[in-house]
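# Got a predicted structure here, sequence first:
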Amino acid sequence: MNGIHLTGIIIPVFMILAGIGIAGIWTADIISGKFSDQGNFFKWREGENLMWPHILAEFLMAAGLFSGAFGLFADLQFALPVSFISLGAVIYSAINSSGWILAEKSRLIYGIPIWITLAGAVISLLILLKY
């Protein structure tokens, strides 16, 4: 990237906010004890699925967003590949989560931040692909 310009600030800030949102929601769920009645972390389930691989993937996605964002701010070589992977993970996660949201009308409120993040990730990825 050539110097700091509008997209050099907006995209990394979006990535940091998305990472905070993703990690924050899962941290709030864990701290609230949402799954604690199911035993230790590695036994938590939602339906037939174990939760720990999903939670690990979400935190790794947030870490990738943070890393990519800071790399973009500092104009580091690894920034674009890490940002591409992280934004791609956000796109996949948001689309995948849409199935969970659309399955029950009571979950539609969760769709708003997820779909805003999806749109932001797609736009950010398209802009970064020009570099």
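Looks like it arrived, so ask away.

# so how far is stretch 95-111 from its chain's centroid?
16 Å (CA atoms, centre = their mean, to the nearest Å).

# buried set for that stretch?
S97, S98, I101, G111 (16 or more other CB atoms under 10 Å). Every C-beta, even on glycine, is put in place using the N, C-alpha and C of the backbone.

# residues in contact with the lowest-mean-pLDDT helix or strand in the chain?
One helix or strand of the chain scores below all others by mean pLDDT, DSSP states H and E: strand 45-46, with a mean of 88. Residues outside strand 45-46 that contact it (CB atoms under 8 Å, 6 or more residues apart in numbering): F35, Q38, M51, H54.

# Quick one: neighbours of the closest residue to the second one other than its chain neighbours, just the number.
When you say that, I think you mean Q38. Spatially, and ignoring its direct neighbours in sequence, Q38 is nearest to W44 (5.0 Å; CB to CB, 6 or more residues apart in numbering). Per other CB atoms under 10 Å, the neighbour tally for W44 reads 20.

# Who are the contact partners of W44?
Here W44 is in contact with F35, Q38, L50, M51, W52 (criterion: CB under 8 Å, 6+ apart).

# Just the pLDDT at the first one, thanks.
Per-residue confidence (pLDDT) for F35: 84.

# Could you check how far it is from M61?
19 Å (CB to CB, to the nearest Å).

# Comparing the two, which shows the higher neighbour count?
More crowded of F35 and M61, by other CB under 10 Å: M61, with 22 against 18.
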